[in-house]
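**Q** for reference, the sequence and a predicted model appear below.
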Amino acid sequence: MTPKAPRARILMLGGAGETAAALAAVRGRAGLEVRVLCDGATPRGVVSDLQDVTPDRAGLTQALRAGGFTHLLDVTHGFAGQISTDAAAACKATGAQYALLHRPAWTPAPGDRWTEVPDVAAASDSIAPFERVFTNVGRALLPALAGFGGQLFVRQTTRHTMPPPQGNIRYVFGSPPFSHDAEVALLRDLAVDAVLFRNTGGTASETKVAAARALGLQMVMLSRPVAPEGTHLPDVAAVARWVDSL
């Protein structure tokens, strides 16, 4: 008997914190064939089985065609850069359907000291008046903050021995998840007067926002790039509903 063809072939791009949970939700459904390609470091509990594919527009277009994929599920980091744009374009070129796990952005609460900025240059201007700033922007964006004259504390979730690029930068190591009380204690111990966060959205890492809010700190929020057109899924539960509808 000829094996029954899967009802959908999904190329999943991973990299965000929800990668493992989203993969479990997809692979737990009957009639689906799933292959995984991770952008950057492979998240814990995930095996990238398309390691020979370059995650750019040409590479993804070729992979979609060669694998006969009907859908692409984008679970990359909201600040991963060009990959989501390239993935959506590859889907248009091949006729595959594009879906994106796109967390709802954080928004200010009444009384917040909150400034939304479009890019790192604007973020640098916004933190200039402050003396001690805590941030989660990542090492790649630190050169754009080179003009900041105060003390900058940069969260790192992977321990390493690389020195900070400037004398006024200190790495703060820690492994998520971070509790509200731990985040409040950290910000208080560092005696910061402002925070600079990437607005990654969602609930998993919102504790740092709540901690800054509880301490009345100035919050500078770096907006995410505009998401490509397609099916936007706010969380893993929505991913599960989406695959059930295929």
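**A** Here it is on my side, so go on.
**Q** any idea how far G149 is from Q156?
**A** Note on G149: its distance to Q156, by CB to CB, to the nearest Å, is 22 Å. C-beta: built from backbone N, CA, C; applies to glycine.
**Q** okay, those two: which has more neighbours?
**A** Q156 (16 against 10; other CB atoms under 10 Å).
**Q** does the more buried one touch Y171 like I think?
**A** Yes - if you go by CB atoms under 8 Å, Q156 and Y171 touch, sitting 4.9 Å apart.
**Q** check the residue nearest to R44 when sequence neighbours are not counted and give its pLDDT.
**A** With sequence-adjacent residues excluded and distances taken as CB to CB, 6 or more residues apart in numbering, R44 is closest to A20, at 6.8 Å. We have a pLDDT of 92 for A20.
**Q** centroid-nearest residue for the protein?
**A** The chain has H77 as the residue nearest its centroid, 2.5 Å off, counting by CA atoms, centre = their mean.
**Q** list the contacts of that one.
**A** G15, A16, D39, G40, T200 (CB atoms under 8 Å, 6 or more residues apart in numbering).
**Q** try it again at 10 Å.
**A** Going by CB atoms under 10 Å, 6 or more residues apart in numbering, H77 touches 14-17, 19, 39-40, 83-84, 138, 198, 200, 224.
**Q** distance check, it against A8.
**A** 24 Å.
**Q** can you check Q218 too?
**A** For Q218 relative to A8 (CB to CB), the value is 46 Å.
**Q** still on that earlier bit, what is the neighbour count of the residue nearest to R44?
**A** Per other CB under 10 Å, the neighbour tally for A20 reads 17.
**Q** what about it, helix or strand, and which?
**A** In this assignment (DSSP states H and E), A20 forms part of helix 19-27.
**Q** which parts of that helix are buried?
**A** T19, A20, A21, A22, L23, A25, V26 (16 or more other CB atoms under 10 Å).
**Q** can you pull out the strands in this protein?
**A** 8-14, 32-38, 71-75, 97-101, 113-117, 132-135, 151-156, 169-173, 194-198, 218-222, 231-233 (DSSP state E).
**Q** could you give the angle of the fifth one to strand 194-198?
**A** Put simply, strand 113-117 runs at 40 degrees to strand 194-198, going by axes from the mean of the first three to the mean of the last three CA atoms, to 10 degrees.
**Q** ok so, going back, would JSON lines of the buried residues of helix 19-27 with distance to L101 be doable?
**A** Shown next, in JSON lines, are the buried residues of helix 19-27 (distance: CB to CB, whole Å):
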{"residue": "T19", "distance to L101": "9"}
{"residue": "A20", "distance to L101": "12"}
{"residue": "A21", "distance to L101": "10"}
{"residue": "A22", "distance to L101": "6"}
{"residue": "L23", "distance to L101": "11"}
{"residue": "A25", "distance to L101": "10"}
{"residue": "V26", "distance to L101": "11"}
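**Q** H71: which of those is nearest?
**A** Within the buried residues of helix 19-27, the smallest distance to H71 is 9.7 Å, found for V26 (CB to CB).
**Q** quick one: that closest one and V46 touch, right?
**A** No - between V26 and V46 there is no contact under CB atoms under 10 Å: 11.7 Å.
**Q** between these two, what contacts are shared?
**A** Common contact partners of V26 and V46 (CB under 10 Å, 6+ apart): M12, V36, V75.
**Q** neighbours around R57, how many?
**A** Neighbours of R57 (other CB under 10 Å): 17.
**Q** if we can go back for a sec, show me which of the contacts of H77 are buried.
**A** Buried among the contacts of H77 by 16+ other CB under 10 Å: G14, G15, A16, G17, T19, D39, I83, S84, R198, T200, R224.
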